[in-house]
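Q: can you look at this prediction? I've put the sequence above it.
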Amino acid sequence: MYMHSMTKNIPISKARVNLGAVVRGVREKGDIIVLEKDGIPVASIVDVDLVEDLRDALDLAAARLRTAKDVLVDWDTIRAKYA
């Protein structure tokens, strides 16, 4: 499971100049960097593991919603009918 240590807001111009250090902090320390333009948050830099975890969570939630209305049959009913 992904754990992050700190969220930092920085201007895009500062991130551009220090991109290597920014990426290193994201990868090694789990920082989440929020990029700002004119003081307004516009994008984030996050570790790829976090993105993968989020995608997995969204896929799982979507699957649960799709199957929420499915009728479950208990094992005893199946065994009585087919065994």
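A: Okay, I see it.

Q: now do the helices in this structure.
A: Secondary structure of the chain (DSSP state H): helices located at 12-17, 19-29, 48-67, 75-82.

Q: to Val42, which of these lies closest?
A: Between Val42 and the helices of the chain, the shortest gap by Cβ to Cβ is with helix 12-17, which sits at 7.4 Å. C-beta: built from backbone N, CA, C; applies to glycine.

Q: pretty sure Pro11 is touching Glu36, no?
A: Yes. At 5.3 Å, Pro11 counts as touching Glu36 under the criterion of Cβ atoms under 8 Å.

Q: if you count surrounding residues, which of these two has more?
A: Using other Cβ atoms under 10 Å as the criterion, Pro11 and Glu36 rank with Glu36 on top: 17 against 13.

Q: just to revisit the earlier point, quick one: which of the helices of the chain is nearest Met6?
A: So among these, helix 19-29 is nearest, using Cβ to Cβ, at 7.2 Å.

Q: what angle sits between that closest one and helix 48-67?
A: Relative orientation of helix 19-29 and helix 48-67, computed by axes from the mean of the first three to the mean of the last three Cα atoms, to 10 degrees: 60 degrees.

Q: can you pull the buried residues of helix 19-29?
A: For helix 19-29, burial by neighbour count (16 or more other Cβ atoms under 10 Å) applies to Val22, Gly25, Val26.
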